[in-house]
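A.B. asks: what shape does this take:
(chains A and B)
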Amino acid sequence: MAFQKPTGTQDFLPGTVEKWQYVEEKARDLCRRFNYREIRTPMFEQTELFQRGVGETTDVVQKEMYTFEDKGHRSMTLRPEGTAGVVRAYAENKLYGEPDVSKLYYMGPMFRYERPQAGRYRQFHQFGVEAFGSVDPAIDVEVIALGLQFFKELGLKDVSVEINSVGTSETRAAYNEALLGFLRPMKDTLCKDCQHRMERNPMRVLDCKVDQDKFVGAPSILDSLDEESTAYFQQVKDHLTAMEVPYRVNERLVRGLDYYTHTAFEYKAQGIGAIDTIGGGGRYNKLVAEVGGPDQPGIGFGIGMERLQLILASQEVEVPAVKPIDVYLVAIGEAAEKETVKQLFKLRTLGFSAERDYLGRKIKAQMKSADRFQARYTAILGDDELSRGEISLKAMDTGEQQNVKLAQLADHLK
RNA sequence: GCGGUCGUGGCGAAGGGGUUAACGCAUCGGACUGUGACUCCGACAUUCGCGGGUUCAAUUCCCGUCGAUCGCCCCA
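C.D. replies: Numbering: from 1, shown residues only, chains lettered A, B, ... in the order given. Take a look at the predicted model:
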């Protein structure tokens, strides 16, 4: 057996790549309208950036990173998510010195060493946006709405957004204490996963699939927020309502990355097996400072492109898979062959997509080939046409055929 | 890191110890000797992920390994 691709990676072949390009074009156009500009950061960064940014205690950092030592003995890590690198670039390039809010977007591969399953890969792709420098709730809702609009314009149905406020690190600590007070008495009755979760991230326990019924009456994080956080969250909700953006408050929503403060949200949809989150994000007011930048706030989201593709497929959304070509040239005989080589190149230089046969197949097989390429026209050149300086042009949709002057072939293709 | 299922041609898929490895799609050739999307005919796996074991005999049974897939944890 020859080489195989690494576990959890994918080859995106022609026929599939077109679907990705289509989605990427939609994302870019949307970002243009919302005035977000693209940023491209390295695929790997110093390991410490992710340890500090994403959080030392998270699963992502503890067990999922692709970390290696480079030849200069520096510890480097393939980026497991997009935000940390963008935050680093924002600080390092002093974008905070620019007069306006920095509104950025990115698309690209991320890497996490995990066991693959439906909608989960070791190399996966995210489209994300980040907005730095503002604590106006209007920017929170802009980001949330941008993501939802993306799904909407792609033609997806039943994508919902859940929002929550996780407050500040202080109020979250207070909440965790209150929650533990509620959970401790029942600790022995909880599943073993939950017993672990109690230590690592108590809020996760409330997400448990096995003992949901035990948690009625559990304290809500929303009751632990300070006045300012509560007011902020209220403004976010008010804006969303005014914009007629449907949302659902999920007071149990927790995100797996440590840097979130205040607004947190997830985009949800069915259609990828056991997984229902296709994107998520939130506000991170301390992250820029945490990685050594100035005390600037930020907010953003990341959307999983593989998951998006899976949902597009499960909802049978029409996404172009083939880009039709303009014309397929068929030559019969040596003289025609020579002329065809010339015409093919000429048409291409004039801006047409053109193809021909290189396998010495019969005319019939070449016509089938033209059909597969979804050629608008097939142009057939034989000795009789050639002797009159013409070529036979067939419109593949109607089957109509006419002889046109070779010199005017391009004009007939418009 | 843990668990379930699966691994047969380019693709889908039957076969479950014995020597011709079904069938469908696609492809190529022909009927139509210069024309696609219909029909019919023909061709197309010295071989069943890889390594080892059991056996007179293994694609079929056993072990290992790699891979795929689904789920848990966690996440996009």
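
A.B. asks: secondary structure class for the residue of the stretch 201-350 of chain A found nearest RNA strand B?
C.D. replies: Nearest to RNA strand B in the stretch 201-350 of chain A, going by Cβ to the nearest atom of the strand, is residue A:256, at a distance of 1.1 Å. In short, each C-beta sits where N, CA and C put it, glycine included. Classification of residue A:256 using DSSP: H, G, I helix; E, B strand; the rest coil returns coil.

A.B. asks: what do you get for residue A:265?
C.D. replies: Quick answer, by three-state DSSP: residue A:265 is strand.

A.B. asks: cool, and residue A:384?
C.D. replies: helix.

A.B. asks: can you read off the pLDDT for it?
C.D. replies: Looking at residue A:384, its pLDDT stands at 91.

A.B. asks: neighbours around it, how many?
C.D. replies: Using other Cβ atoms under 10 Å, residue A:384 has 13 other residues around it.

A.B. asks: and the gap between it and residue A:327?
C.D. replies: 20 Å (Cβ to Cβ, to the nearest Å).

A.B. asks: swap in residue A:409?
C.D. replies: 8 Å.

A.B. asks: before we move on, back to that, report the contact partners of the residue of the stretch 201-350 of chain A closest to RNA strand B.
C.D. replies: Listed by Cβ atoms under 8 Å, 6 or more residues apart in numbering, the contact set of residue A:256 reads A:58, A:59, A:60.

A.B. asks: now it: phi and psi?
C.D. replies: phi -80, psi 0 (degrees, to the nearest 10).

A.B. asks: how about residue A:334?
C.D. replies: According to degrees, to the nearest 10, residue A:334 has phi -70, psi -40.

A.B. asks: burial count for it?
C.D. replies: Residue A:334, neighbours per other Cβ under 10 Å, totals 9.

A.B. asks: what confidence value was assigned to it?
C.D. replies: In this prediction residue A:334 is given a pLDDT of 90.

A.B. asks: confirm residue A:253 sits in a helix?
C.D. replies: No. Under three-state DSSP, residue A:253 falls outside any helix and is assigned coil.

A.B. asks: which secondary structure element is home to the residue nearest to it when sequence neighbours are not counted?
C.D. replies: Nearest non-adjacent residue to residue A:253, counting by Cβ to Cβ, 6 or more residues apart in numbering: residue A:164, 3.9 Å away. For residue A:164, the host element (DSSP states H and E) is strand A:160-165.

A.B. asks: that strand near RNA strand B at all?
C.D. replies: No. Strand A:160-165 does not reach RNA strand B (Cβ under 7 Å from any atom of the strand); its nearest approach is 11.7 Å.

A.B. asks: just the CA atoms of that strand, as PDB, please.
C.D. replies: Provided in PDB are the C-alpha atoms of strand A:160-165 (Å, rounded to 0.1, in the frame of the first residue of the first chain):
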ATOM      1  CA  SER A 160     -30.200  29.000  15.900                       C
ATOM      2  CA  VAL A 161     -28.000  31.000  18.200                       C
ATOM      3  CA  GLU A 162     -27.800  30.500  21.900                       C
ATOM      4  CA  ILE A 163     -26.400  33.300  24.100                       C
ATOM      5  CA  ASN A 164     -25.300  33.600  27.600                       C
ATOM      6  CA  SER A 165     -23.200  35.900  29.800                       C
END
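
A.B. asks: what's the following helix or strand after that strand?
C.D. replies: Taking DSSP H and E, what comes next after strand A:160-165 is helix A:169-183.

A.B. asks: other SSEs contacting that next one?
C.D. replies: helix A:202-205 (3 or more Cβ pairs under 8 Å, 6 or more residues apart in numbering; DSSP states H and E).

A.B. asks: which helices and strands does the helix it packs on pack with?
C.D. replies: helix A:169-183, helix A:192-200.

A.B. asks: which residues touch the shortest one?
C.D. replies: It refers to helix A:192-200. A:57, A:180, A:183, A:184, A:187, A:190, A:204, A:205, A:208, A:210, A:211.
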